[in-house]
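> Pasting the sequence and the predicted coordinates here, then a few questions.
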Amino acid sequence: MIRSVDDYLSQLKKELRGCDRAMIQDALSDAEEYLRTALDSAMADGATVSEADALSHIIERYGMPEEVATAYREMEHRITPALARPSYAGEPEEPPKEKDRRHLLSWFFGVFADFRAWGAFLYLLFSLVTGILYFTWAVTGLSLSAGLLVLIIGLPFAGLFILSVWGIGLVEGRIVEALLGVRMPRRPQFHRRTGGLWPRFKSIILDGHTWLSLVYMILQLPLGITYFTLFVTLIAVSLFGIAVPILQLGFDIAININNDPYYFAGWMLPLLVVGGILLATLTMHLAKYVGLMHGALAKALLVRR
Amino acid sequence: MSGTSEETKKFQKELNAGTTALVLLGILARASEPMYGYRIARLIEASAGGVPLMKQGALYPVLRSLEGSGLLESEVEPSVSGPPRRYYRITEAGRKTLDMWREIWDQTKALVDSVMDGGEE
């Protein structure tokens, strides 16, 4: 017997155990929206029934937790995540080992046609900007909240700050899903409305999700600096290799080393071009891999358990 | 519904799986303003004449999947009482898809009807 909306939500969560965490969060917020709206209007219409009775009627119409869980499970199979490639269906990413060399080559250079490699590359360069924004916001908010706590506006300010952290976490999740292809929550999770201001505030403070999101926001700056530096350097070096023959043979522009012009020997030019192309390709592979890692990190820190 | 056997339940479920998306698109195509899940569920309930044909909890995942494929779009709005609500509205692509689905539905319906009525051979 389910006595309250919270009861229902925790049962639904149990039924969905083992599913994607982002999907669980979506399912819980859908259920909460329905149940609370229905319960409110039931109680407003005729207050003759007890809350538990009204709720059991509502649940009869909405479906038991196990029925609802099944509906979400079935639907999740059919949703195509953003930028999903056919490999999403659970096929191995690399072609099977026994394939000949041509396939290996096309896999190696095929990374340039891979949406997710470009998405990850874009994300990793962009992470410097988001990193600076998140870090500044998190550090300013944290220190102002701590500093203002002695004043009367301290608690409301801290509450607003935490709400903004949740919002940013959701937006970052959308970016991560679009560019890195990792399934992230599509809807916010609402907080329990029960209890007074103080218990609600306490539950927000004790919520590990808030703090993990903050850790993510702070981590994003060092990570963003690392990603940006690494990938700008790698791409600059590969473009340099590709561009040297054009500059040297086409425009007679020499490489400047300590104010001394330096010309590469003729036999080195093809090597530089080949090296540049190889390095660019490897960089894309690295971007894709680092993107996967970062997606896993975002999922671990930004999605509520 | 008394005396519902397992087979009948299964039939109902499979039928719903196909028609839910059509019904949702149809409702949102006729709606003059964006609607949130609970209101849509109530409308469907009213259209069904109070007969509980489907569990309303099964509507939400379908709404989300329709949004995922670009047939619907949505936005969250805070509500005075209770949690924020997600309001759905149909997109241009959704309307086009609905027209095609409508045609398929009409054909299916005609087929089933003519078989059931034992119409012209």
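Good, I have the coordinates.

> Show me what residue A:261 bridges to in the sheet.
Counting by DSSP bridges, residue A:261 forms beta bridges with residue A:256.

> Pull up the residues of the stretch 1-150 of chain A that are close to chain B.
A:26-27, A:29-34, A:36-38, A:40, A:60-63, A:67-68, A:71-72, A:74-76, A:78-80 (C-beta under 8 Å from any C-beta of the partner chain). Any C-beta I mention is one placed from the backbone N, CA and C, and that applies to glycine too.

> Could you pick out the buried ones from those residues?
Burial by neighbour count, judged by 16 or more other C-beta atoms under 10 Å in any protein chain shown, picks out A:26-27, A:29-34, A:36-38, A:61-63, A:68, A:71-72, A:75-76, A:79 from these.

> Tell me which of those fall in helices.
Members of those lying in helices (criterion: DSSP state H): A:26-27, A:29-34, A:36-38, A:61-62, A:68, A:71-72, A:75-76.

> How are the helices of the chain distributed by residue range?
In the absence of a named chain, this looks at chain A. A:5-15, A:21-45, A:51-62, A:65-78, A:101-109, A:115-148, A:154-180, A:197-206, A:208-245, A:268-302.

> if you could check chain B rather than the one you did, that'd help
With DSSP H as the criterion, chain B has helices at B:6-30, B:37-47, B:59-68, B:92-116.

> and of these, who's closest to residue A:150?
Taking C-beta to C-beta, helix B:37-47 is the member of those nearest to residue A:150, at 43.1 Å.

> Could you check the closest one against chain A for contacts?
Yes: counting by C-beta under 8 Å from any C-beta, chain A is contacted by helix B:37-47 at B:37-38, B:41, B:45.

> Can you add neighbour count and give those residues back as a markdown table?
As requested, the residues of helix B:37-47 next to chain A are exported to a markdown table (neighbours: other C-beta atoms under 10 Å in any protein chain shown):
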| residue | neighbour count |
| --- | --- |
| B:37 | 24 |
| B:38 | 22 |
| B:41 | 23 |
| B:45 | 16 |
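
> which one of those sits closest to chain A?
Closest approach to chain A among these (C-beta to the nearest C-beta): residue B:38, at 4.4 Å.

> who's in contact with the closest one?
Residues counted as contacts of residue B:38 (C-beta atoms under 8 Å, 6 or more residues apart in numbering or on different chains) are A:33-34, A:37-38, B:85.

> who in chain B is up against chain A?
Checking chain B against chain A by C-beta under 8 Å from any C-beta, the hits are B:17, B:36-38, B:41, B:45, B:52, B:55-58, B:60-62, B:64-65, B:68-69, B:76, B:79, B:81-86.

> From the residues you listed, list just the buried residues.
Listed as buried from those are B:36-38, B:41, B:45, B:55-58, B:60-62, B:64-65, B:68, B:76, B:82-86; burial here means 16+ other C-beta under 10 Å.

> my read: residue A:296 touches residue A:182, true?
Yes: Residue A:296 is in contact with residue A:182 according to C-beta atoms under 8 Å; the separation is 7.2 Å.

> So which of those two has more stuff around it?
Legend: neighbour count by other C-beta atoms under 10 Å in any protein chain shown for residue A:296 and residue A:182, higher for residue A:182 (21 against 12).

> can you tell me how far residue B:69 sits from residue B:31?
19 Å (C-beta to C-beta, to the nearest Å).

> Tell me which of the helices of chain B sits most buried.
Highest mean neighbour count of these: helix B:59-68, a mean of 22 (counted as mean count of other C-beta atoms under 10 Å in any protein chain shown).

> which strands and helices sit next to it?
Helix B:59-68 is packed against helix A:21-45, helix A:65-78, helix B:6-30, helix B:37-47, strand B:72-77, with contacts defined by 3 or more C-beta pairs under 8 Å, 6 or more residues apart in numbering or on different chains; DSSP states H and E.

> for those, which one sits closest to residue A:171?
Nearest of these to residue A:171, taken as C-beta to C-beta: strand B:72-77 at 12.4 Å.
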